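S.K.: Need coordinates for the below:
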Amino acid sequence: EVQLVESGGGLVQAGGSLRLSCAASAINFDDYAIGWFRQVPGKEREGVSCISSGDGTSSYADSVKGRFTISTDNAKNTVYLQMDSLKPEDTAVYYCAADLIAAQFGETCPGKSASWGQGTQVTVSS
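M.R.: Numbers count the residues shown, from 1 in each chain. Prediction:
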């Protein structure tokens with residue numbers, strides 16, 4: 001069973017930075033599509049950034065391009081999300097996801113067959 005554990009969330013002022021981590025166990029990281037998603041109450045979960053840990057292909061939501069950077073440490077089975085120039089609208093619960101099936105179909109982002117972490121709260125004050 002895939003286990004994903006996020007950490008690194010917290011309270012930060014606008015313009016500040018945070019780095020989220022997601023440690024994965026029981027999987028071969030290289031085989032998975034990995035992604036960060038976020039959700040605020042009353043809204044649907046949205047994709048933030050994804051990476052194919054096998055070849056490093058990454059993608060970003062338009063709202064975070066140039067501010068967020070996704071990376072992996074395959075030796076540690078950990079994916080990171082470096083978040084700079086944070087804005088109040090970045091406030092959300094951030095989740096990481098891993099998807100073997102998506103990767104097998106050549107997808108960069110996790111899909112319906114993804115496993116999810118428990119989430120970590122990020123709050124950006126104005």
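S.K.: Please make it C-alpha for all contacts and neighbour counts, starting now.
M.R.: Noted.
S.K.: Please name the bridge partners of the residue positioned nearest the centre of the chain.
M.R.: Central residue of the chain (C-alpha atoms, centre = their mean): W36, 1.9 Å from the mean position. Beta-bridge partners of W36, counted by DSSP bridges, are S49, C96.
S.K.: Surely it touches V93?
M.R.: No: with contact defined as C-alpha atoms under 8 Å, W36 does not count as touching V93 (10.4 Å).
S.K.: got the residue ranges for the helices in the protein?
M.R.: 100-104 (DSSP state H).
S.K.: mind showing which ranges of it have poor pLDDT?
M.R.: Where the chain drops to pLDDT under 70, the residues are 53.
S.K.: which residues of it fall in strands?
M.R.: 3-7, 10-13, 18-25, 33-39, 46-52, 58-60, 68-73, 78-83, 92-99, 115-116, 120-125 (DSSP state E).
S.K.: Let's have those strands in JSON lines, adding distance to G106.
M.R.: Converted to JSON lines, the strands of the chain look like this (distance: least, C-alpha to C-alpha, whole Å):
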{"stretch": "strand 3-7", "distance to G106": "22"}
{"stretch": "strand 10-13", "distance to G106": "34"}
{"stretch": "strand 18-25", "distance to G106": "20"}
{"stretch": "strand 33-39", "distance to G106": "9"}
{"stretch": "strand 46-52", "distance to G106": "9"}
{"stretch": "strand 58-60", "distance to G106": "12"}
{"stretch": "strand 68-73", "distance to G106": "18"}
{"stretch": "strand 78-83", "distance to G106": "19"}
{"stretch": "strand 92-99", "distance to G106": "11"}
{"stretch": "strand 115-116", "distance to G106": "17"}
{"stretch": "strand 120-125", "distance to G106": "28"}
